[in-house]
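Novice: with the input below, show me the fold.
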Amino acid sequence: MKLLKTYPDKCISCHVCENTCSSLYFKEDNPELSCIRIHDETNPPEMNVCNQCQACVAACPTMALTVNKQGVVMLSRNLCIGCLMCVAVCPTGSMRTAFGKHNPFKCIACGACVKTCPAEALEIVEQ
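Specialist: Sure, this is the predicted structure:
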């Protein structure tokens, strides 16, 4: 299974990963639209990202969520009705929604944030 691994002890709370993610997928620099979240309130910072547990897949009434060959949960926007059951059942709070957005979103382990992290606090791994 492919997933984004975090190393909170290396994180410097620069939020470059959030900026990269939201800019890539939503074309705006907005941490609320990032699939990875950095919470600075703790030391080390809490890094929240989807662990591909697939709880959301079972909860989806329209089968808009599927698992690809790499074990990554993917969303079909065409099948999604915006019921947000996936958001409700996500045990890590990693399936996200944002005001004005019909579809939920989550990390798909694309690795864009890994390439821009100056502290090497992120890595794509196979488990």
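
Novice: list the contacts of stretch 32-49.
Specialist: 4, 6-9, 11, 13, 15, 17-19, 21-22, 25-26, 31, 50, 92-94, 96, 98-99, 101, 105-108, 113, 121-122 (C-beta atoms under 8 Å, 6 or more residues apart in numbering). Glycine gets a C-beta too; all of them are placed from N, C-alpha and C.

Novice: same thing but 6 Å
Specialist: 4, 6, 8-9, 11, 13, 15, 17-18, 21-22, 26, 94, 98, 106-107, 113 (C-beta atoms under 6 Å, 6 or more residues apart in numbering).

Novice: next one: the longest helix belonging to the chain to chain centre, how far?
Specialist: What stands out as the longest helix in the chain, according to DSSP state H, is helix 16-26. With C-alpha atoms, centre = their mean, to the nearest Å as the basis, helix 16-26 stands 11 Å off its chain's centre.
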